[in-house]
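Undergrad: sequence unavailable; structure follows:
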């Protein structure tokens with residue numbers, strides 16, 4: 001059966017253009033499971049693919065979308081059968097392999113996770129890679145031994161996709177969340193998600209004048225990197241930890257070794273793309289129980305395939321609040 005897809009092409013100027021096309025099923029890439037996609041989403045990485053390719057796409061034409069959720073239509077993989085509800089995050093899908101900006105996807109079954117019964121396909125994409133990454137950050141802080149009684153947890157880029165879900169999860173688990181944002185008008189929104197304190201990003205955007213500042217935070221979920229991460233690192237309490245998952249300010253940060261060797265601070269790098277299956281399944285199981293789904297719904301805006309090229313520059317500029325759910329049938 002034919003399917004609809006947002007098909008992308010890159011011009012000589014490296015700019016990406018796209019159009020919604022109807023394609024024969026034979027155009028789908030190789031894989032042992034075919035999924036009728038219901039929803040996808042828009043992440044920072046999707047924004048790169050939709051505007052310039054971001055160096056992530058190796059062949060054109062291309063179908064982006066690093067996340068999707070839907071129903072198995074056909075399977076040659078023993079772990080899945082038609083009718084199973086599934087979600088996919090990462091594995092270079094939407095980059096090297098055609099992704100979720102289509103009404104059908106064909107992938108390796110080893111890349112799929114069965115959706116917990118409590119999470120619908122739409123809510124799975126309200127979560128998406130951003131929310132799944134947030135859960136991985138929380139799990140890292142928990143495994144480090146940081147409990148709510150240890151003190152405040154700082155979340156940088158708090159009004160974005162990863163940050164919004166991290167705030168909601170941490171608050172539900174009883175942590176005192178400090179939400180740092182460059183959009184002070186989002187204070188009410190972040191408080192509604194459970195943040196105890198709203199911090200203006202300006203407090204973290206001047207490089208620390210000393211490698212160690214007064215101890216304040218028991219833990220950090222950092223989505224930004226750069227100066228903000230360096231200043232947060234300098235304020236971690238003895239034995240504290242940071243879960244680092246983003247680089248909106250670039251990959252470098254003006255940091256010092258001293259927090260590590262004088263305060264026994266740890267940093268956990270969070271990868272959501274090639275993570276083995278067992279921790280993926282753990283993260284989705286915990287999302288079903290620890291993410292307040294009513295608060296998740298408040299973070300969501302909806303779009304169709306035709307809206308994505310217009311939204312992509314906005315997510316790269318940090319102008320999108322929370323999560324965008326893409327109804328691929330619109």
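TA: In hand now; what should we look at? Note that the structure is a prediction, hence the values are computed from the model and not measured.

Undergrad: so for this structure, the centremost residue is which one?
TA: residue 130 (1.5 Å; CA atoms, centre = their mean).

Undergrad: state the helix or strand in which that residue lies.
TA: helix 121-144 (DSSP states H and E).

Undergrad: rounded mean pLDDT for that helix, please.
TA: Averaging pLDDT along helix 121-144 yields 96.

Undergrad: same question for stretch 39-52.
TA: Stretch 39-52 shows a mean pLDDT of 95.

Undergrad: ditto for stretch 5-15
TA: pLDDT averaged over stretch 5-15 gives 94.

Undergrad: first-to-last residue distance for stretch 231-242?
TA: Distance between the boundary residues of stretch 231-242 (CA to CA, to the nearest Å) amounts to 12 Å.

Undergrad: actually stretch 8-24, not the one I typed
TA: Stretch 8-24 has an end-to-end distance of 16 Å (CA to CA).

Undergrad: list the contacts of stretch 245-254.
TA: Residues from elsewhere that reach stretch 245-254 (CB atoms under 8 Å, 6 or more residues apart in numbering): 44, 133, 136-137, 157, 160, 162, 207-208, 221-230, 233, 269-270, 272, 318. Bear in mind the C-beta positions are built from the backbone N, C-alpha and C, glycine included.

Undergrad: host element of residue 255?
TA: Per DSSP H and E: residue 255 is located in neither a helix nor a strand.

Undergrad: pLDDT value on it, please?
TA: pLDDT at residue 255 comes out at 86.

Undergrad: where does pLDDT dip in the chain?
TA: Filtered on pLDDT under 70, the chain yields no residues whatsoever.

Undergrad: can you show me the helices along it?
TA: Remark: helices assigned in the chain by DSSP state H are 44-51, 121-144, 161-172, 187-193, 226-233, 258-262, 277-290, 293-298, 308-316.

Undergrad: from residue 32, how far out is the residue nearest to the centre of the chain?
TA: 27 Å (CB to CB, to the nearest Å).

Undergrad: and if you look at residue 22?
TA: Counting by CB to CB, the gap from residue 22 to residue 32 is 24 Å.

Undergrad: how about residue 202: what's its closest non-neighbour residue?
TA: residue 182 (7.8 Å; CB to CB, 6 or more residues apart in numbering).

Undergrad: next one: phi and psi at that neighbour?
TA: Main-chain torsions, residue 182, degrees, to the nearest 10: phi -90, psi 0.

Undergrad: so what's it up against?
TA: Residue 182 neighbours (CB under 8 Å, 6+ apart): 200-202, 318.

Undergrad: just the buried members of the residues you listed?
TA: Buried subset of the contacts of residue 182 (neighbour count, 16 or more other CB atoms under 10 Å): 201, 318.

Undergrad: what's the spacing between residue 237 and residue 316?
TA: Distance, residue 237 to residue 316, using CB to CB: 34 Å.

Undergrad: run through the bridge partners of residue 72.
TA: residue 35 (DSSP bridges).

Undergrad: how close does it sit to residue 135?
TA: Where residue 135 is concerned, residue 72 sits at a distance of 24 Å (CB to CB).

Undergrad: ok, now residue 189?
TA: 20 Å.

Undergrad: so between these two, which is more surrounded?
TA: residue 135 (25 against 21; other CB atoms under 10 Å).

Undergrad: rewinding a little: ok, the residue nearest to the centre of the chain touching residue 323?
TA: Yes: using CB atoms under 8 Å, residue 130 is in contact with residue 323, at 6.4 Å.

Undergrad: what's the burial count for the residue nearest to residue 190 when sequence neighbours are not counted?
TA: Nearest non-adjacent residue to residue 190, counting by CB to CB, 6+ apart: residue 179, 4.3 Å away. Counted with other CB under 10 Å, the neighbours of residue 179 add up to 29.

Undergrad: give me the beta-bridge partners of residue 179?
TA: Here residue 179, judged by DSSP bridges, has bridge partners residue 155, residue 198.
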